[in-house]
Structures are given as C-alpha cells and as structure tokens.
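# Return atomic coordinates for the entry below.
(3 chains)
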Amino acid sequence: MDVKIDKLLGDERHSFLLEFIDTTLRGCGQVMFQNNSLTGAFFFGGIFFDAYLNNTPVIAWGCLLGTAVATLTGYLIIRDRTSLRSGLCGYNGCLVGAALPVFLVPTPTLWCVLILSSALSVIVATSISECLKGLKIAALTGPFVVTTWVVLLASYNFPQLVHMGLPATFLPQQHTHLLTHSYYHTEWLGAFNGVSEVFLFSNIVSGMLMCIGLACGSLWNVFYAVFSAVLSMLIALWLGGTLQGVDAGMFSFSAVLTGIALGATFSKPGMMSFCYTVIGVFFVVLMQGALNTALAPLGIPSLTMPFVLATWVLLLVHDKTVLQD
Amino acid sequence: MDVKIDKLLGDERHSFLLEFIDTTLRGCGQVMFQNNSLTGAFFFGGIFFDAYLNNTPVIAWGCLLGTAVATLTGYLIIRDRTSLRSGLCGYNGCLVGAALPVFLVPTPTLWCVLILSSALSVIVATSISECLKGLKIAALTGPFVVTTWVVLLASYNFPQLVHMGLPATFLPQQHTHLLTHSYYHTEWLGAFNGVSEVFLFSNIVSGMLMCIGLACGSLWNVFYAVFSAVLSMLIALWLGGTLQGVDAGMFSFSAVLTGIALGATFSKPGMMSFCYTVIGVFFVVLMQGALNTALAPLGIPSLTMPFVLATWVLLLVHDKTVLQD
Amino acid sequence: MDVKIDKLLGDERHSFLLEFIDTTLRGCGQVMFQNNSLTGAFFFGGIFFDAYLNNTPVIAWGCLLGTAVATLTGYLIIRDRTSLRSGLCGYNGCLVGAALPVFLVPTPTLWCVLILSSALSVIVATSISECLKGLKIAALTGPFVVTTWVVLLASYNFPQLVHMGLPATFLPQQHTHLLTHSYYHTEWLGAFNGVSEVFLFSNIVSGMLMCIGLACGSLWNVFYAVFSAVLSMLIALWLGGTLQGVDAGMFSFSAVLTGIALGATFSKPGMMSFCYTVIGVFFVVLMQGALNTALAPLGIPSLTMPFVLATWVLLLVHDKTVLQD
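From the prediction side, this is the model:
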C-alpha cells in the first residue's frame, strides 16, 4: 500500500512541495526500512502522540525538522535521485532530530546545531555508504549514530549545548548480587515500547501506531518487529537484565530493527531467514549490553549502534552460509 | 607430519565422526596457524595438563567444547568446505571456549552462552574475512577477540554472567617511580609461558608441549615462537615493564603469534622475513602496552588483539616494501 | 616555486645526500600537503624559532630527526619511489618526532623509541594507504596519530617512557555554568597559533613563518589556512568553547589542515569547494570537541585525528554530490 502524495492530488502547481512532503514522510518510514509515505505518517503520528502526552513537543518537532532538513539537503546536493526519492536521505536526519532534544536543552543554539547536524547526517551517510559499497551492505542507521555521538561528545566541551538526560559517566562495575529471573513480573506489552524506543521514547500506544505503519508495507514487518522485541526481552531477562530496562524496551529497540532488517527486508521471509533472525536477535542483545558498558565512561547512549553492528555482521555472511537460499 | 585421522583408521562406518574429530583438532592447531591434527592434539594436551594441575578443568573442557561447537557450526552453515576442513572454523571457538571460563563463573548460564558464542564466532569470522577479502589479509584471531569482548562487556549488564578474574576498571595512571632494568632477575624460561598464554594461562611445561605441537608443522614455527617470546621480553624489560608481567608471558603471547605469523606462516623464512618479524615484535609489544591502557577503563583484557592489529599492519605492506621478495 | 636542492647545486658527487635533504624538507612540507622543499624549510624555521625561544630545542630536533629517519626508512624499504621523492614517507615521522618530546621526557630510551616509531610510521602509513586505496582517499596524518597514540598509550605501562605534559585522565563532565560569548576578548591573531599548533605548539610568529612556507606553494593555501582558523575560532566561541583554548589554537589546528585539504589541495578552488570547506570546518570543530571528550578517560591528546576523520568523510562524498564539479 504505497501512496505517492504528489500523484494523489494531481495538482501540477504544487508538485514540488507535495513531492517534498512525500519524500520527507518516506524519510521517516525508512527508519524502519519502509519506502512508504503512509508508514512515515503513522510513525510521526506515534511520535507526536507521545510528545504531546508527555509535554515534550520539542522532541516531535525536532524529529520532523530533522527529517525535512535532511531531505532538503538531499535535494540540494545528492546526485542519486532514486535513493533520495525513496527517503534514504531523510531517515538519519529524522533520528538526529529526535535524539538531540532528548539529551540537550532546546536552546536556540541547539536548534541551529540540530539543523546543521541533520544536514551533516546526509554527508556522513553518503560517506559511509561509499565505504560499504564494496561489501554490498547498507549504512543502516550508522550515520545517525555517528553524527549524534559526535554532537553529544562535543557537547561536553561546548557548554552552549546544555546537557539534559545524558547518562552520567562512570567506570563499569558489575552488580554484586544476582537478580532472580522475573518472567512473570514482566510487562509483555513492553514489546511495543521496544518499537517506539527506536525513536528514543517508551510508549506502548505509539509502538502500536508504528506497527500499523509497518503493516502498510507488509505484515511480515509487524511479525518480526513484535517477535524480535519479545525474544530480546526473554534473552535479556534470562541473562539477568534489569526488569525496568527490559519493560522500557531498552534491550528491544535494536532487536526490533534487526528483526525487520534480517527477517523481512534484506531476505525473503522463510524458515532459513527465521533462524537467521533468531541468531541476529541473540547477538544484538549481547551487543546492546556490551555497548552500554563500553560507552559508560563516555556518558553517551549506545543509540541504535548495537543493531547496526550486529546486522552488518549478519548481512556480511549472507553469501557464505546456507542460511540464505 | 600431517595425519588425517579419518583416513588412518580406514573405517567407513564412523567416517563422519572421525572426520569431525580430525577437523576439531585442526581447529585447535589453527590457533597458531597449523592445519595439523597432531599439533592440535599437543595443544589440547598442554591445556588439559595445566587445567588439571591447577584444579580448573572447566577451562580445558570449555576450550574443547568451544572448538567442537564452532566446528559443528561450520559443518552446518559454512559453504566453503576446504577452509572448514582445515580447521579454520574452529580456532576462534577454541579460544572463546578457553577465555570465557577464565573470566566468568562456570554456571549453567555461562555454558549456554559459551556454546552460543562459539557458534557466533563462526559467523563473526566469516563476516570479518569478508571485510578483509579485498585487502588479501586473514582474519587471524580477530573474531575470537571481538566475540569475547562483546560477551565480557555485556556481562557487566547481565549479572547472570558472574565475574571472576576480570581486570578491575580504572583510569590509567603512570607509575611515578622508574623501575630499574632487571634482566638478570628474569625467568627466561618464561618464554614458554608466552606460548601457553596464547590460551590464557601461564605454564612452562604446557608451553613446551605446544612447541612440540608446533614442531609437527615446521621447526621454523618453534624457532619464531621462542625467538619472538624472548625478544618481546627483552623489549618489555627495556621499556620498564613489570617483572611479574614479563615472566608470566603477558608481553609475549601476542609476540609469539606475530612471530609465527610473520616469520613462518605468511612469508618464506629468510633474512628479509626475519627483519620483518623483528619489526613486528617491537610493534606488538608497544601495541600490547597501548591496548592494556586503552581497555583499562572498560575492565576487559586485550586478549590477542595486539597480535591481530600489529600483524594486519605488517601483512598489508607486504607488496609495497622490499621486506618481501 | 619548487626548488630541487640536488639539481640546484649540480654537484654529482654529493647527489644522494642533497637529494636526501631535499626529500626530508619535502617530508616536512607534506605535513600541510606541500611537495616543496622551500615550504619544508620555512616550517622547520618556524619550529626551531619557537623551540629555541621556549628553551625546548629537543622538540625541534626531535621533529627534524623523525623526518629524516622516516625518509631514510622510505629509501630503505619503500618501492614507490615517486611518492617517496615527494616527501610522502616523511611527514608522519616529522609529526611523530615533534609529538613524542612534547609528551615524554627526552631520555635516551625516548630517543630510541622516537627513532623506531618514526621508522614504524612509514610502515603504518603504507598499511593505511593500502586500506584506503579502494576508496581513493589519502591517509592524511592518520598514520602519525595512530603511531603516536600507540606509543603514548603504551607509556602508561612502560615507565621508562616518563610522562610530561600528557593530559590527566578523567571521566568527562560538562561545566555547569554557561560561558558568555566572548568574541571581543578573543585574540584573533591566535589564528596563527592554529597554524603552528599543527606541529603541537602555539606561536604566532611561527604560524606566520609557516604561512610564508604555504605561500611558496599557492596563495590559496594561505587563504584557506587563515580563513579556516578564524572560522573555527568563531564556531568554537559560538558553542561556548573556552577562550584560552580558542586563543591557543586548540580548536583551529585541525581546521587549518581541513581547510587546506578541502579548499586548495583535493579540489580546485572555487565557489563549490568554498562551501565544501565551510561544511568541513564546522564538522571538524565538532569532531575536535567530540574526540577531546572520547579520549579524556585515556589521557591522550586527540592530535590531528579530528582533521583526519572529518576530511575523510568529506573526501568520500566528492563524486556523489554536486559540491564538486
């Protein structure tokens, strides 16, 4: 179910504006690999719903602004019009725009930096894609993570970017007491938190809205999103992850992306790709735990890097294993 | 002296089991680049000798289990049967299996994670090899290090993986007093600790057993293993490394691998490759010191990463210098 | 204005020595991409001027020694004579030689390590170039940074390399009070500190001498060096960087290199490459702030890595954007 907004109205006069809106919505949809403006609209719906519910509208507007700026940058400088039109210039800016107001106080300086960083994310994305071309794998949300990490790390030296909600820096220490497994205390609807947490917030209703958006592309997307979220919660609980973290979707959001990527995007759904996805989800939960530790001394969040790294590893073995037919 | 166990008995009925045992032993031998089941047997001999001597049999069994699981995973999913049969699927699992019980308490959860990680090491190895294909260099023990680092880092967030013997996290500080050189206090037989320390333990007898295993391939292996171990001890002492560390082989195990790799594996033994190896050993000692510092805030060991990085750098310049004929 | 010293005298008897001196000077010039012995002479002039002014002659001699050793290593082992003759083997050694005596006490051990590291920098450079060949980008000063980081990190474990002026290790914390913008207190001549700070010291006169050296190649070099230095100071002040840091050129030296690279070296000067350079300078200032944070727990300086990373990203997008004609 793919709707081209600019074709819908058939109004030649406003065609660029409509095409731009369509491309921007696709940019949001591409956060979960959907070249689909309707999906993007549902995603924005989920984001604005939570933002106004929690009285943090700047986050939603930052997300929209980031997507639009990145898309516009794409129109201005990128030669490859097909990938631009599919929203592939916008999704990193979408996430940069969502992430910065979560961690930094929305001052005028921040808004300028948000605009510049969203534009920069297009250049970083082109650059990373160029590096990965020979390996035939996609940049995924790597450019978003790199751009946001640079801004957040830099903010420690640039006090005009005022911190708010960045994790405190600390040297990793293991908890000395063993947690008991708490499967029966778990809020399993938290799987939908895992979906919304891709955009850096926990909201079950938003997660459901996003699943409707995913369904516009294919029901397999929804299946793998929810399945991977639940599986990642199970694995995290088994390994002793904290209940709050598991319920809030902190171990699931990367798994959701890995699930959609491996199960329904870069391979045909089937038994083999199912096994493949299960391996991927196990790997991504470990990777999430690992990156959380590795970044603790630096005081920055791991964002979707666990998804990016685990998925790259698994995409690279495609041709070498029998996991893909 | 290469013996194919499955050919030896000529018993068709058990041929897969025997081939599997043969491949598993080669997996252990490949830790030091030896496609040789006898070498693998000597290595396992050294490992079990130390493990039972020190009352830590789980380490040896973990090592054996890891090799077997990784080899089995190779049989199940890897298309390239030649490299599989040479033991190239097994060596990373061998080291993962040896490393995890050294740093984590052997609970049932750990054993599950050990099995899953050993299997994962095959995927990580295939993936890294794919990245390095264009550069024409081997993955070396990089996949082992990456997989083990991920599990160890993750363990800080997953208390079911209970710590035991992981280095404490700290911010690097230089010792304020200069150590005097202590060449005459050094236990030079510690060079054999450097050999056994490849498998993460210090035992001179085990190191000697492993040298016998290396000799099954070529005497050059033994020469470069011992020469590099002694040279690395000299360099570390010269730079003021602690006597305990030097004697225990902490500055040597990466050098042993670098020596065998550069001197006797990836180039023909000769004057040029000798110089080349000396440069490599100097570099790897520096790299060992550097990675020990860099990983201090994260509380994970550098494992054989110094060897991997230094050897990659030197293998990459092969064609560009006169060091290789 | 390119002078070949060995051709100048026309004295066949001393031709290798003269060629060697010429190549060594070019090595220094290549720190800022100038294949020009006169430029190198001006750079050395600036370095020795500051070193003797500040009573730290070892730094200048270390720099000269490093360049000479790296150049000699190139003559001994590198096959590609054209790039060798252009000074491309020497510039990393030049910076290694300048950096080590800044951070480590000049003991006999240090001098040995300086010589060995300068030689090693040639191998590291060849290796990194090999990795980047497929991407068609240059190694820039990456090999210098990698080699120096390895030595400095290793020094924490090797007390014979005595610390002096290495940054203290700490966990990043943001300053709690907002600094006011202080454009009118800024010492704008500090832009020349940014030029000299490429060689790790702040000296306005030295920076001017270096600009004369740059002018030997092209006036565009001088324009982009000064323009980028001033622009980076403005950006750093806008974001709240400390006045001392800005004046001393701490946010500018990477920008100077990025400016010369993007504006006048790897693309034809023009409107498009001007925009391109402005983006690059913004990115490099962020990257400088980011790397300063990321390296704080390790107690090593970011050196010119911000320049290397930001410039790589921008060079990689050359063909994909309309920024290059």
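
# going forward, measure contacts between C-alpha atoms and count neighbours the same way
OK.

# Just to check, A:T304 is in contact with A:S254?
Yes: between A:T304 and A:S254 a contact is recorded at 5.6 Å, counting by C-alpha atoms under 8 Å.

# Between the two, tell me which one has more neighbours.
Taking neighbours as other C-alpha atoms under 10 Å in any protein chain shown, A:T304 and A:S254 compare with A:S254 leading, 31 against 24.

# Backbone dihedrals for that one, please?
The phi/psi pair for A:S254 (degrees, to the nearest 10) reads phi -70, psi -40.

# mind checking how far it is from B:S121?
A:S254 sits 20 Å away from B:S121, going by C-alpha to C-alpha, to the nearest Å.

# follow-up on the earlier one: shared neighbours, A:T304 and A:S254?
A:V198 (C-alpha atoms under 8 Å, 6 or more residues apart in numbering or on different chains).

# what helix or strand is A:T109 on?
Using DSSP states H and E, A:T109 maps to helix A:108-132.

# try A:V278
helix A:271-295.

# Contacts for that helix, please.
By C-alpha under 8 Å, 6+ apart, helix A:271-295 touches A:172, A:228, A:231-232, A:235-236, A:251-252, A:254-255, A:258-259, A:262-263, A:267, A:301-302, A:305-307, A:309-311, A:314, A:323-325, B:120, B:149-158, B:298.

# at 7 Å what do you get?
A:172, A:228, A:232, A:236, A:251, A:254-255, A:258-259, A:262-263, A:267, A:301-302, A:306-307, A:310-311, A:314, A:323-324, B:150-151, B:153-154, B:156-157, B:298 (C-alpha atoms under 7 Å, 6 or more residues apart in numbering or on different chains).

# Give me the contact status of the helix holding A:T109 with chain C.
Yes: if you take C-alpha under 7 Å from any C-alpha of the partner chain as the test, helix A:108-132 does meet chain C, through A:I123, A:V124, A:T126, A:S127, A:E130, A:C131.

# how many neighbours does the nearest residue to A:P269 once chain neighbours are set aside have?
Nearest residue to A:P269 in three dimensions, chain neighbours excluded: A:G263, at 5.9 Å (C-alpha to C-alpha, 6 or more residues apart in numbering or on different chains). Neighbour count for A:G263, taken as other C-alpha under 10 Å: 28.

# quick one: A:G263 from A:P172, how far?
34 Å.

# ok, now A:A248?
21 Å.

# what about A:A125, how many residues close to it?
So A:A125, with other C-alpha under 10 Å, has 28 neighbours.

# if I look at it, how far off is B:L171?
For A:A125 relative to B:L171 (C-alpha to C-alpha), the value is 34 Å.

# now do A:I123
Separation of A:I123 from B:L171 (C-alpha to C-alpha): 35 Å.

# Likewise for A:G87?
When A:G87 is compared with B:L171 (using C-alpha to C-alpha), they lie 44 Å apart.

# Tell me which of the two has more neighbours.
The residue with more neighbours, out of A:G87 and B:L171, is A:G87; 31 against 20, by other C-alpha under 10 Å.

# Spatially nearest residue to the more buried one (excluding sequence neighbours)?
Leaving aside its chain neighbours, A:G87 sits nearest to A:G27 (3.8 Å; criterion: C-alpha to C-alpha, 6+ apart).

# Figure out the helix or strand that that neighbour lives in.
Per DSSP H and E: helix A:15-29 holds A:G27.

# tally of neighbours for A:E19?
A:E19 has 16 neighbouring residues, counting by other C-alpha under 10 Å.

# correction: A:D319
13.

# and the stretch 101-250 of chain A, which residues reach chain C?
For the stretch 101-250 of chain A, the residues in contact with chain C (C-alpha under 7 Å from any C-alpha) are A:123-124, A:126-127, A:130-131, A:150-151, A:153-154, A:156-161, A:169.

# got the CA coordinates for the strand or helix carrying A:V151 in PDB?
Taking DSSP H and E as the criterion, A:V151 maps to helix A:142-155. Coordinates of the C-alpha atoms in helix A:142-155 are reproduced here as PDB (Å, rounded to 0.1, in the frame of the first residue of the first chain):
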ATOM      1  CA  GLY A 142      25.000   4.100  11.300                       C
ATOM      2  CA  PRO A 143      25.200   7.700  10.000                       C
ATOM      3  CA  PHE A 144      22.600   8.800  12.600                       C
ATOM      4  CA  VAL A 145      24.600   7.200  15.400                       C
ATOM      5  CA  VAL A 146      27.900   8.700  14.300                       C
ATOM      6  CA  THR A 147      26.500  12.200  13.800                       C
ATOM      7  CA  THR A 148      24.700  12.200  17.100                       C
ATOM      8  CA  TRP A 149      27.600  10.700  19.000                       C
ATOM      9  CA  VAL A 150      29.900  13.500  17.700                       C
ATOM     10  CA  VAL A 151      27.400  16.200  18.800                       C
ATOM     11  CA  LEU A 152      26.800  14.600  22.200                       C
ATOM     12  CA  LEU A 153      30.500  14.000  22.900                       C
ATOM     13  CA  ALA A 154      31.300  17.500  21.700                       C
ATOM     14  CA  SER A 155      28.700  19.000  24.000                       C
END
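
# Need the residues that contact the helix or strand that it is followed by.
Heading C-terminal from helix A:142-155, the first helix or strand you meet, by DSSP H and E, is helix A:190-196. Helix A:190-196 is touched from outside by A:202-204, A:206-208, A:226, A:229-230, A:247-250, A:252-253, A:256, with contacts defined as C-alpha under 7 Å, 6+ apart.

# Residue ranges in chain A under the pLDDT threshold?
A:1, A:6-14, A:175-185, A:323-325 (pLDDT under 70).

# hmm, back to that, with chain B in mind, check whether the helix holding A:T109 reaches it.
No: residues of helix A:108-132 contacting chain B under C-alpha under 7 Å from any C-alpha: none, with a closest distance of 9.4 Å.

# how far out from the middle of the chain is that helix?
Helix A:108-132 sits 15 Å away from the centroid of its parent chain (C-alpha atoms, centre = their mean, to the nearest Å).

# For chain C, give me its nearest residue in the stretch 101-250 of chain A.
A:A154 (3.8 Å; C-alpha to the nearest C-alpha).

# That residue: neighbouring residues, count only.
24.

# ok now do it, which residues does it touch?
Contacts of A:A154 (C-alpha under 7 Å, 6+ apart): C:L286, C:M287, C:G289, C:A290, C:T293.

# Distance check, the second one against A:A294.
Okay, so that is C:M287. 19 Å.

# What of the third one?
Distance, C:G289 to A:A294, using C-alpha to C-alpha: 19 Å.

# A:D22 against A:S15, yeah?
No: between A:D22 and A:S15 there is no contact, the gap being 10.3 Å when judged by C-alpha atoms under 7 Å.
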